[in-house]
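# what follows is a predicted structure for the sequence shown.
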Amino acid sequence: PADSVAPSGRAGGRETLKTLVGGLPWAEDTAGSASAVAGMPIVIDDLRDRGRGGDFDDDPFSRRSLWASLDAWVRRSPPITVSVSLHVLLLLLGALWIVRGKAPDTEAIQLSFASTTIEEEKGVQIKPVPEPVEEPQPEEAKTDKPPVEDPVAAPAVASEAVEGPGAPGEVTHTQVIGSLLAGRQEGRREALVNEFGGSEATEAAVARALVWLVKQQGRNGLWSLKGPYADGGSQENNLAATAMALLALQGAGNVPQQGKHRAAVNRGWRALLARQESDGRFDFTPMPNHHALYSHAQATIALCELYGMTKDETYELPARRAIAYAVATQGKNGGWRYEPGAEGDMSVTGWFLMALKSGQMAGLEVPEETFAGIVRFLDAVASDGGSRYSYRVEVPGLQPKQITPAVSAEGLLCRQYLGWPRNDKRLVAGLEQVFAARPFDLSKEKDVYAWYYVTQVAHHMGGEPWERWNTRMRELLPAAQVQQGREAGSWNPDLDLWGSAGGRLYMTCFCTYMLEVYYRHLPLYAELPAAAP
């Protein structure tokens with residue numbers, strides 16, 4: 001209101017004032033008395049001695065003490081008015097205190113998440129690699145480096161002239177093995193994709209798969225068979241899951257110090273090598289009993305590949321130990337199975353053969369008697385002269401049973417790595433048989449385990465069989481990849497022969513291996529040039 005105090009009349013030298021309390025609107029009573037309407041302003045008679053000649057003194061408290069006036073005001077004011085006034089006063093005092101106070105100096109505390117599991121690191125220590133700043137995105141296999149003229153011959157290995165039946169310039173099988181990892185080098189992958197029938201679609205699918213795999217890595221550096229993704233496996237095995245993920249990442253050239261996914265690879269190897277024992281095995285107990293040697297073989301392949309790709313001395317001793325444990329656990333029949341020294345089966349033996357050959361690719365020595373034992377095992381489980389293979393020998397002396405496309409293809413791949421020539425009739429016939437028994441057809445029961453081995457055998461064979469197989473694989477496999485949603489980049493394990501046991505990570509890794517085949521291993525029968533005599 002415009003007026004807070006207004007004269008209402010005089011009587012006997014005293015004035016009666018109507019005063020607004022609490023800021024409520026009011027209207028002056030023309031009769032000189034308080035409004036008779038309920039709820040109108042409260043009237044307080046403020047009686048003051050006119051005294052010194054004016055209507056009011058300049059100092060309203062000169063005739064009465066401050067406390068007496070305050071006491072009179074409080075007694076005459078309604079309780080709500082007193083309460084509101086006191087609260088306003090307290091708020092003002094509090095505001096003044098905050099404004100005048102000086103904020104103390106504070107220190108910022110940075111928090112980060114870490115694994116809740118404290119593990120004792122054993123053996124090799126690997127320095128952490130800073131995380132890439134950018135989120136990894138699918139990309140094609142392109143590089144600023146100039147393309148090589150001959151992608152197969154580019155990683156040439158100096159070899160000695162061969163005397164005897166081998167004509168000059170022929171290279172030995174061991175020398176070829178030593179160059180098989182060279183196709184993953186930057187500047188070669190794109191040329192090899194073009195050379196062996198890959199495409200932009202296959203490379204885009206690989207890139208998406210690797211992004212998905214990196215997202216599944218746990219904070220402790222390990223991967224899991226059971227999740228956090230959908231459609232996990234029925235049993236947990238962190239060693240196998242981590243080894244399979246690292247094989248896929250390394251297959252495209254990622255190592256701890258190089259590659260788009262170098263940080264994930266580095267974390268994975270720090271976690272794995274912290275669990276390696278002095279005898280070379282990886283301690284991931286508890287795990288299903290029948291998984292232990294399978295998993296060691298997979299981890300050994302990845303570790304030997306890592307050392308072969310980097311030649312970093314950090315990984316040499318762990319790789320040698322892993323190979324030594326593989327040699328020591330070979331069964332009496334020349335194969336491997338679920339426990340050290342047990343009579344072998346084709347499935348586990350195939351993984352160990354690749355582990356030992358990966359050691360040779362890295363330049364590590366493997367006893368010749370170990371390979372001789374594998375040959376004995378293969379001969380024992382072979383059928384049709386060596387074109388087909390069974391899972392294991394159930395009754396010595398009887399014809400082997402349990403012949404499947406997967407183990408037959410695995411046996412043929414072992415024969416290729418052990419020196420059978422490309423035009424061996426047993427290889428040619430065996431490959432045609434697995435083509436017929438397990439064609440690449442995603443509309444029926446899937447079997448990526450069998451297709452993984454068939455793809456490698458056909459790639460090493462080359463020629464028309466490879467063209468026939470690759471034409472379907474390079475079209476159907478990228479098309480079946482999940483394109484949207486949380487699981488984009490992965491493959492659904494539904495309807496796969498082993499999909500419910502291995503789960504989505506298993507399915508995705510094996511599909512990625514197949515699409516990396518163009519450069520993951522150079523063809524065994526590539527004509528690499530020999531050194532000049």
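Yep, that arrived.

# show me where pLDDT drops low in the stretch 51-200 of the chain?
Residue ranges of the stretch 51-200 of the chain with pLDDT under 70: 51-70, 73-74, 97-176, 178.

# sorry, that was for the chain
In the chain, residues with pLDDT under 70: 1-70, 73-74, 97-176, 178, 395-400, 527-533.

# end-to-end on stretch 230-248?
Terminal residues of stretch 230-248 lie 20 Å apart, using Cα to Cα, to the nearest Å.

# scan this protein for its longest helix.
Identified as the longest helix of the chain according to DSSP state H is helix 79-100.

# for W491, give its distance to W223.
W491 is 16 Å from W223, where distance means Cβ to Cβ, to the nearest Å. For the C-beta atoms, the positions are set from N, CA and C on the backbone; glycine is no exception.

# mind checking which of these two has more residues around it?
Using other Cβ atoms under 10 Å, the more surrounded residue of W491 and W223 is W491, with 28 against 25.

# gap between the more buried one and Y506?
Noted for W491: a distance of 10 Å to Y506, by Cβ to Cβ.

# now A182: how far from M244?
From A182 to M244 the distance is 23 Å (Cβ to Cβ).

# looking at these two, which is more packed in?
M244 (27 against 22).

# isn't that one right next to M507, touching?
No - between M244 and M507 there is no contact, the gap being 10.4 Å when judged by Cβ atoms under 8 Å.

# any buried residues in stretch 358-366, and which?
Within stretch 358-366, the residues scored as buried using 16 or more other Cβ atoms under 10 Å are S358, G359, Q360, M361, A362, L364, V366.

# summarise which helices and strands the helix or strand that the second one is a member of is packed against.
For G359, the element it lies in under DSSP states H and E is helix 346-361. For helix 346-361, the contact count by 3 or more Cβ pairs under 8 Å, 6 or more residues apart in numbering; DSSP states H and E identifies helix 173-177, helix 292-310, helix 316-328, helix 368-381, helix 405-417 as packing neighbours.

# which helices and strands does the longest one pack with?
Spelled out, that is helix 292-310. helix 238-251, helix 262-273, helix 316-328, helix 346-361.

# and those helices as CSV, adding distance to S443?
Shown next, in CSV, are the helices and strands packed on helix 292-310 (distance: least, Cβ to Cβ, whole Å):
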stretch, distance to S443
helix 238-251, 25
helix 262-273, 34
helix 316-328, 39
helix 346-361, 26
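
# please identify the deepest-packed of those helices.
A comparison of the helices and strands packed on helix 292-310 by mean neighbour count, using mean count of other Cβ atoms under 10 Å, puts helix 238-251 on top with a mean of 26.

# which strands or helices does it pack on?
Applying 3+ Cβ pairs under 8 Å, 6+ apart, we find helix 238-251 packed against helix 200-215, helix 262-273, helix 292-310, helix 499-515.

# export the ones you listed to CSV and append columns for distance to L317.
Below are the helices and strands packed on helix 238-251 laid out as CSV (distance: least, Cβ to Cβ, whole Å):
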stretch, distance to L317
helix 200-215, 27
helix 262-273, 10
helix 292-310, 10
helix 499-515, 27
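
# of these, which approaches A191 most closely?
For the helices and strands packed on helix 238-251, proximity to A191 was assessed by Cβ to Cβ; helix 200-215 is nearest, at 12.3 Å.

# what residues of the closest one count as buried?
201-215.

# show residues contacting it.
136-141, 193, 223, 245, 248-249, 252, 254, 260-261, 264, 474-475, 477-478, 481, 487-491, 505, 508-509, 511-512, 515-516, 518 (Cβ atoms under 8 Å, 6 or more residues apart in numbering).

# kindly check the end-to-end length of stretch 216-232 for me.
12 Å.

# and what of stretch 303-316?
Its first and final residues considered, stretch 303-316 spans 9 Å by Cα to Cα.

# measure how buried Y229 is and give me the count.
Y229 - counted by other Cβ under 10 Å - has 18 other residues nearby.

# before we move on, what SS does it have?
Following DSSP: H, G, I helix; E, B strand; the rest coil, Y229 is assigned to coil.

# now, which of the buried residues of stretch 358-366 sits nearest I403?
Lowest distance from I403 to the buried residues of stretch 358-366 (Cβ to Cβ) belongs to S358, with 26.9 Å.

# run through the residues that contact the closest one.
T300, I301, C304, E305, G308.

# contact partners of stretch 85-94?
Taking contacts as Cβ under 8 Å, 6+ apart, no residue outside stretch 85-94 touches it.

# kindly report the same for stretch 248-261.
126, 129, 132, 136, 139, 141, 184-186, 189, 206, 209-210, 213-214, 262, 264-266, 268-269, 302, 305-306, 309-310, 312, 508-509, 512-513, 516, 519-520.

# of the contacts of S358, closest to Y449?
I301 (15.4 Å).

# if I look at that closest one, how far off is I323?
11 Å.

# who touches both of those two?
Residues touching both I301 and I323 by Cβ under 8 Å, 6+ apart: A355.

# compute the distance between A479 and L442, please.
From A479 to L442 the distance is 8 Å (Cβ to Cβ).

# counting neighbours, go ahead and name the busier of these two.
L442 (16 against 11).

# give me the neighbour count for R376.
13.

# pull stretch 360-368 out as CSV, backbone CA atoms only.
Coordinates of each C-alpha in stretch 360-368 appear next as CSV, following Å, rounded to 0.1, in the frame of the first residue of the first chain:
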residue,chain,number,x,y,z
GLN,A,360,56.9,-72.3,-34.5
MET,A,361,55.4,-69.2,-36.3
ALA,A,362,56.9,-67.1,-33.5
GLY,A,363,60.3,-68.8,-33.8
LEU,A,364,60.0,-71.0,-30.8
GLU,A,365,61.4,-74.6,-30.8
VAL,A,366,59.0,-77.5,-30.5
PRO,A,367,60.4,-81.1,-30.2
GLU,A,368,60.1,-83.1,-33.4
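
# ok, back up a step: which of the contacts of S358 sits closest to L412?
Distance to L412 across those (Cβ to Cβ) is lowest for I301, with 18.3 Å.

# ok so, going back, nearest to E236, out of the helices and strands packed on helix 238-251?
helix 499-515 (10.0 Å).

# now do the buried residues in that closest one.
499, 502-515.

# which one among those residues gets closest to T81?
T81 lies nearest to R504 out of the buried residues of helix 499-515, by Cβ to Cβ, at 71.9 Å.
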